[in-house]
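Novice: Turn this into a structure:
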Amino acid sequence: MKPRLLAIMLALLAVACTKPKEKAEISLNLGYEVNGKSLVTDTLCYENEAGNQFLITEIQWFLSNIELKNEAGDWMMLHQPGLADTLDISRVYYIDTDIPESQTLHSSPVKPDHYTAIRFTFGLDESDNQTGLFTDPPESEMFWPDMLGGGYHYMKLNGKYLNSEGRLAPMAIHLGIGQNEDCTEFYQNYFIVELPIEFNVKANTKNQLDLTMVIDNWFRNPHTIDFNEFGSHIMQNQTAQRLLNGNGKDVFRIGKPTENENDIDMKKDNKLAEKIKNVMQMATPKPHFWNWEKVKERIVDSKFKDSRFKI
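Specialist: The predicted structure is shown next:
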């Protein structure tokens, strides 16, 4: 047999006998924390560093260019599974507190390895943040007006706060491209976060990593954000955009939001109260008894545990 032909046959045999490379799946679970506890929406129960009382209704935002670093120092980009890499949208994740499934970011299969760091872009960088990147909602509804630089919001953090007159006022922390007063110059306000991790990714295993947004950190360190000054209409306020950009460096941490026993008890009490309310609505009203305030007192005094209302 000729040496050339033998070499080709050996090469083909080696390829045929090579085991397929193992792949692993990764999920990044997102959570939110305010004042050291898990986020509760639509409830006026928070206070920022400036003393503003506020509530949060929703958070809509983008994470992009999520990468993991292995012990050799190599970075690996995560891509959305089953998504064509048209205009690089597979590297961009949209997250919405009103869309539960968006709170878990799934990745195409990756190489099993031990990873020591994660980094990502909060928002979209200048190469990705182009008008027309998204054509369908909900991503397309994050558009940033062309006259203000185009592209898309990095984040819409919406809610309300008690203003200096003691009235509820809109709180719209909308981050994106900045501009000068006459909109002739534009400024990038996205930032890159890098965090240390100890993450063993194994094949044939549900590999999950938790990432928490510490919301109150947006409003402090190093800049104190007073909602009476920067609570809304900041899309055209580059000063506010840069202050929030500066505060964003410690907004994210690895791990789940803090949830203590008091939080769990409160959730149980709320469920119990809701069930008793439903029973009250179906019952025939009785004077001096079917009074909601008295029922609440009854719950507190006797720790009502009727099996019909078991949680």
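
Novice: And the helix or strand containing His114, what's buried?
Specialist: Taking DSSP states H and E as the definition, His114 sits inside strand 113-122. Residues of strand 113-122 classed as buried by neighbour count (16 or more other CB atoms under 10 Å): 113, 115, 117-118, 120-122. From N, CA and C alone the C-beta is placed, and that goes for glycine too.

Novice: cool, stretch 126-145 as well?
Specialist: Going by 16+ other CB under 10 Å, stretch 126-145 has these buried residues: 128-129, 133-134, 139, 142-144.

Novice: Out of those residues, which comes closest to Glu194?
Specialist: Asp128 (18.4 Å; CB to CB).

Novice: Just the pLDDT for the closest one.
Specialist: pLDDT, Asp128: 94.

Novice: 6 is where my numbering starts, stick with that
Specialist: Done: numbering now begins at 6, and the last item shifts to Asp133.

Novice: so what's it up against?
Specialist: Applying CB atoms under 8 Å, 6 or more residues apart in numbering, we find Asp133 in contact with 69-70, 92-93, 96-97.

Novice: Can you tell me which of those residues are classed as buried?
Specialist: Among the contacts of Asp133, those classed as buried by 16+ other CB under 10 Å are 69-70, 96-97.

Novice: Could you dump the residues you listed into CSV and include secondary structure and distance to Asp221?
Specialist: As requested, the buried ones among the contacts of Asp133 are arranged in CSV below (DSSP: H, G, I helix; E, B strand; the rest coil; distance: CB to CB, whole Å):
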residue, secondary structure, distance to Asp221
Ser69, strand, 24
Asn70, strand, 26
Arg96, helix, 29
Val97, strand, 26
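
Novice: Tell me which two of these sit farthest apart.
Specialist: Within these, Asn70 and Val97 form the most distant pair, 8.2 Å apart (CB to CB).

Novice: Would you mind giving the domain segments of the chain?
Specialist: Split into domains by automatic domain parsing, the chain comes to 30-263, 267-314.

Novice: quick one on the thing from earlier: list just the nearest of the buried residues of strand 118-127 to Leu44.
Specialist: Using CB to CB, Phe127 is the member of these that lies nearest Leu44, at 17.6 Å.

Novice: give the contact list for the nearest residue to the closest one once chain neighbours are set aside.
Specialist: Leaving aside its sequence neighbours, Phe127 sits nearest to Phe196 (CB to CB, 6 or more residues apart in numbering; 5.4 Å). By CB under 8 Å, 6+ apart, Phe196 lies in contact with 126-128, 250, 253-254.

Novice: that older thread, show the secondary-structure elements that the helix or strand following the strand holding His119 is packed against.
Specialist: Downstream of strand 118-127, the first helix or strand assigned by DSSP H and E is strand 160-167. For strand 160-167, the elements it packs on are strand 58-75, strand 173-180, judged by 3 or more CB pairs under 8 Å, 6 or more residues apart in numbering; DSSP states H and E.
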